[in-house]
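Colleague: what follows is a predicted protein model with its sequence.
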Amino acid sequence: MTASVLTPAQNSVITSVSGFQFSTSSLTQAEVLQLKADFPVLAETVNGKSLVYLDNGATTQKPWAVINRLNQFYAHENGTVRRGVYKLAEGATTAFDAVREQVAGFINAKSSTEIVFVRGCTEAINLVATTFGKAHLQAGDEILVTAMEHHANFVPWQQVYLERGCTLKVIPMSDAGELDMQAYAHLLQSGKVKLVGVIHVSNVLGTINPVAEMAKMAHAVGAKILVDGAQSAPHMPIDVQALDCDFFTFSGHKLYGPTGVGVLYGKYEVLETLPPYQFGGDMIDVVSLEKTTFLAPPLRFEAGTPAIAQVIGLGTAIGYLQAIGLERIALYEETLRQQATDALLAIEGLTLYGQAKHKAAVCSFLLEGIHAFDIGTLADLEGIAIRTGHHCAQPLMKRLNVSATARATFGFYNTHEDIDRLVVALHKVIKLCK
Ligand SMILES: *Cc1c(COP(=O)(O)O)cnc(C)c1O
């Protein structure tokens, strides 16, 4: 791993990454095993078996670099931001501000003033739904979301449309899990659509949605578009200017970083039109007894003391990913997706949900006659962590005609052997449940 892309602060705590000079091809298994060793949890045993962690869509594990950075901050650098003139406060402010620049570079935003720190992807979307609703939505306006949204990009819009007398319409999808782009074009023709909300990569189906094309179509009718990037930002290079989306959101904890921090990207000229989301310290300009004026974005949206250590830890996680290279991560995870897909489809009685042409390494499935929860519980006995349930996407479950699925989601530290272990476990589950 080359150290040149790491900022000095991160460099000082990244101690356990391997010495590879990565090329632009997929990661080799040897490289993956070296990187995996950076994640202490992955060395744990569960029920006497070495852990196979396949719930990366729910949350990811943290490398020593991130763990050490949090320790380092709390042990030696802790201070609040934007307040004190003393050394600790100034140091914390510098480190915090540097991450805003770093995040802007990570997703190729035009400027760090377009990066708002929030608690996570959920808060980012709630912030947009609430403030965009106040500023721009009136009775008769329409909001479009897709049939495969996570509740985080569905329920906030549902609340807004109910409050403001708008209409919420759903862009349908095929059985394979691909959006019906003709239906989308047709829905846009009403001339009333003000906002489109779309999940970039489905957390259930793995579908990679054509968000750049969708943004172009939305803009042609004067609508804005929000892209939920919770499942894309950790797994592929993101360029918000190329996507030309108005908003892009993601969570730190799904990107190998800390919980309690996430990012809202918004085009500056769009953020400027939105009122504050919360009120208090840090976001004000002048306060008198009668009235208060507010700061410009992004600080307008960051009331109160932010998650300082988590933001700094997120910076380390992003530096770690950049040092590996998101292209290489995407290439490698594609090999995992192919292997897992072939192996799962070879299991008799297994149904794979989500067979889009453009797909990320997310495999939702059911075994004939066996409840998803039994699959998850029995897999756990083999040391394998997979998710079971509705995956915060009940409207999608309804569309698929199931109440729950089992789901394996992959990260760059997963190996080909992990997939072999999953397949062996599933054969055991079938035997036990027969
Ligand atoms: C996890 C997830 C969210 C919500 O993220 P939080 O970290 O829980 O706020 C939103 N959208 C998608 C697609 C997700 O996978």
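Modeller: It's in.
Colleague: what does this protein have sitting close to the ligand?
Modeller: 57, 120-122, 150, 152-153, 199, 203, 228, 230-231, 251, 253-254 (Cβ under 6 Å from any ligand atom). (Each C-beta comes from the backbone N, C-alpha and C, glycine too.)
Colleague: in PyMOL, how would I select just the buried ones from those?
Modeller: Buried subset of these, written as a PyMOL selection, criterion 16 or more other Cβ atoms under 10 Å:
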select buried, resi 57+120+121+122+150+152+153+199+203+228+230+231+251+253+254
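Colleague: from the residues of the chain next to the ligand, which ones fall inside helices?
Modeller: Judged by DSSP state H, the residues of the chain next to the ligand include 121, 122 as members of helices.
Colleague: how near is the residue nearest to residue 250 when sequence neighbours are not counted to residue 85?
Modeller: In space, and not counting its chain neighbours, residue 250 is closest to residue 233: 4.0 Å by Cβ to Cβ, 6 or more residues apart in numbering. The spacing between residue 233 and residue 85, counted by Cβ to Cβ, to the nearest Å, is 35 Å.
Colleague: who's more crowded, the two?
Modeller: A count of neighbours by other Cβ atoms under 10 Å puts residue 233 above the other of residue 233 and residue 85, at 29 against 6.
Colleague: for that one, grab phi and psi.
Modeller: Residue 233 has phi and psi values of phi -50, psi -40 when expressed as degrees, to the nearest 10.
Colleague: confidence score at it?
Modeller: In this model, residue 233 is scored at 98, pLDDT.
Colleague: that one reaches residue 107, doesn't it?
Modeller: Yes - counting by Cβ atoms under 8 Å, residue 233 does reach residue 107; the two are 7.1 Å apart.
Colleague: ok, and the closest non-adjacent residue to residue 172?
Modeller: residue 180 (4.8 Å).
Colleague: now residue 103: closest residue in space that isn't a chain neighbour?
Modeller: residue 115 (4.9 Å).
Colleague: check the burial of the one you found by counting its neighbours.
Modeller: Residues within reach of residue 115, counting by other Cβ under 10 Å, total 24.
Colleague: contacting residues for residue 97?
Modeller: Residues in contact with residue 97 (Cβ atoms under 8 Å, 6 or more residues apart in numbering) are 81, 112.
Colleague: how near is residue 54 to residue 195?
Modeller: For residue 54, the distance to residue 195 - Cβ to Cβ - is 34 Å.
Colleague: I meant residue 132, not that one.
Modeller: From residue 132 to residue 195 the distance is 6 Å (Cβ to Cβ).
Colleague: quick one: common contacting residues for those two?
Modeller: Counting by Cβ under 8 Å, 6+ apart, the common neighbours of residue 132 and residue 195 are residue 224.
Colleague: after the helix or strand in which residue 158 is found comes which helix or strand?
Modeller: Element membership for residue 158 (DSSP states H and E) is helix 155-164. Moving toward the C-terminus from helix 155-164, the next helix or strand (DSSP H and E) is strand 167-171.
Colleague: what's in contact with that following strand?
Modeller: 140-147, 157-158, 161, 179-180, 183-184, 187, 192, 198, 395.
Colleague: returning to that earlier point: tally of neighbours for the residue nearest to residue 172?
Modeller: 15.
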